[in-house]
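[1] Need a 3D model of the sequence below.
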Amino acid sequence: MHYLGNPDYAHDGSDRVGVLLVNHGSPAAPETGPVRRYLRSFLSDPRLVELPRWFWWPLLNGIVLLSRPPRTARKYRRIWTEAGSPIDRISAELLEKLRERCDVLYGGRLQLALGMSYGQPSIAAGLDELRNAGCTRVLVLPLYPQYTAVTVGSVFDLATRALQRWRWVPELRFVNGYADQPEYIAALAESLREHWARHGRAQRLLLSFHSLPQAYADAGDPYPCFCEKTARLLAAELGLADDQYTVAYQSRFGRGQWLQPYTEELLDAWREDGVRSVDLICPGFAVDNLETLEEIQLDYAPRFAAGGGRLRLVPCLNAGEGQLATLEALLRQQLRGWEDALKPARLVPPIGASAGR
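    Okay, the predicted model is just below:
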């Protein structure tokens, strides 16, 4: 195997620290071919589909990747902009704003890069960017507040697989979630307060998280516990009673049982019961994406409106101040002990030089 290294590394300088932000990613274009390649990468991940390969591969390649890409491409076209996919654009904007913030905090000595689990730039490419910048200490920060093996576990797999090709393996730290981070809860609460100040409060408040196969939770994945914890803390921050908000799960795939209640079915039931207004927030998504902009805003909202109601989507934290404050707090916490590498470099005297000279 050929290992990646930096032959021109300056050994007389100080260590450098790098942070890799990771998000989910998207296809390169909203067309069938790129979407098929994206889905193949996504649905081939054993963390996502825990089926025997001999059983899953024929289904994936013989059925799913033939029927699903055209439908998914149409969904992406509904939200695609001249700047590309929203998740890619907003993630890049977030990286730049956080970089500006960190340049002030650390005097330009903290290197930041972006990687996508299933898109470009890849996690391996983001790590290579940090390696080329001379980083020997790396913090991987997945933008998934609630841990699940399907997302955060997959990021760990992809990052460590990429690092196996490094000649000089960095000192590594990994954030596996921040469901109860105070700054994160405060940011979610402030986004709802701002929404209510502009639009007033709806009859119901729905906290919609991406779903997970029930079998994964039964096998020990703590994801639903973290979702419920975020919901409880957010309700407490807003002073809400238990009957003033509801947690549901969206974006299920396939015919198996997933975490319930299902967002789609709950909204249908509320509409039939005469509920006329719903505020919906997706705390599990760091930035807006296909599941918020297309599934919620362009699918669920018109269906709810057809019954005479109004479904209002509260934007994700995106690249706003609340998101930046959350990530800054996480960095301050996670970078403790590495402060020596974040100070101005000290010149190291050549070997053999007299200490008195």
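[2] The nearest residue to Ala215 once chain neighbours are set aside in helix, strand or coil?
    Residue nearest to Ala215 in three dimensions, not counting chain neighbours: Gly256, with 7.0 Å by Cβ to Cβ, 6 or more residues apart in numbering. All C-beta spots, glycine's among them, are computed from the backbone N, C-alpha and C. Of the three states, Gly256 takes coil under DSSP: H, G, I helix; E, B strand; the rest coil.
[3] quick one: Gly256 from Leu172, how far?
    35 Å (Cβ to Cβ, to the nearest Å).
[4] What of Leu259?
    Per Cβ to Cβ, Leu259 is found 31 Å from Leu172.
[5] which of these two has more neighbours?
    When Leu259 and Leu172 are compared for neighbours, Leu259 comes out ahead with 21 against 12, by other Cβ atoms under 10 Å.
[6] and that one, what are its phi and psi?
    Leu259 adopts backbone torsions of phi -60, psi 140, taken as degrees, to the nearest 10.
[7] same deal with Gly115?
    According to degrees, to the nearest 10, the main-chain angles of Gly115 amount to phi -140, psi 150.
[8] Now for it, how many residues are close by?
    By other Cβ under 10 Å, the residues close to Gly115 number 28.
[9] per-residue confidence at it?
    Per-residue pLDDT puts Gly115 at 98.
[10] With adjacent residues omitted, what lies nearest to it?
    Here the residue nearest Gly115, using Cβ to Cβ, 6+ apart, is Gly126, at 3.0 Å.
[11] Repeat that for Ser26.
    In space, Ser26 is closest to Ser85, 3.8 Å off (Cβ to Cβ, 6+ apart).
[12] Would you verify that Arg201 is located in a strand?
    No - going by three-state DSSP, the assignment for Arg201 is coil, not a strand.
[13] Could you list the domains of the protein?
    16-178+320-342, 182-314 (automatic domain parsing).
[14] Quick check: end-to-end length of the shortest one?
    The one in question is domain 182-314. Domain 182-314 has an end-to-end distance of 20 Å (Cα to Cα, to the nearest Å).
[15] Give me the mean pLDDT for it.
    96.
[16] Also stretch 4-20?
    Averaging pLDDT along stretch 4-20 yields 80.
[17] now do the same end-to-end measure for that stretch.
    18 Å.
[18] Number the chain from 266, please
    Got it, the first residue is 266 from now on, which makes the last one we talked about stretch 269-285.
[19] Enumerate the positions of that stretch that are buried.
    By 16 or more other Cβ atoms under 10 Å, the buried positions in stretch 269-285 come out as Ser279, Arg281, Val282, Gly283, Val284, Leu285.
[20] next SSE after the helix or strand harbouring the last one?
    In this case it means Leu285. Secondary structure assigned from DSSP states H and E places Leu285 in strand 281-288. Scanning forward in sequence from strand 281-288 by DSSP H and E, the next helix or strand is helix 297-308.
[21] Let me see the backbone angles for Leu471.
    phi -120, psi 130.
[22] wait, doesn't it sit right on Leu545?
    Yes - shown here, Leu471 and Leu545 form a contact pair, counting by Cβ atoms under 8 Å, at 4.6 Å.
[23] any shared contact partners between these two?
    Taking Cβ atoms under 8 Å, 6 or more residues apart in numbering as the criterion, Leu471 and Leu545 both touch Thr528.
[24] list the contacts for Asp349?
    Slight slip there: residue 349 is Gly, not Asp. Counting by Cβ under 8 Å, 6+ apart, Gly349 touches no other residue.
[25] Identify the bridge partners of it.
    Under DSSP bridges, the beta-bridge partners of Gly349 are Thr346.
[26] What of Leu269?
    Trp431.
[27] does it really touch Leu395, like I thought?
    No - the pair Leu269 / Leu395 is not scored as a contact, 11.6 Å apart, by Cβ under 8 Å.
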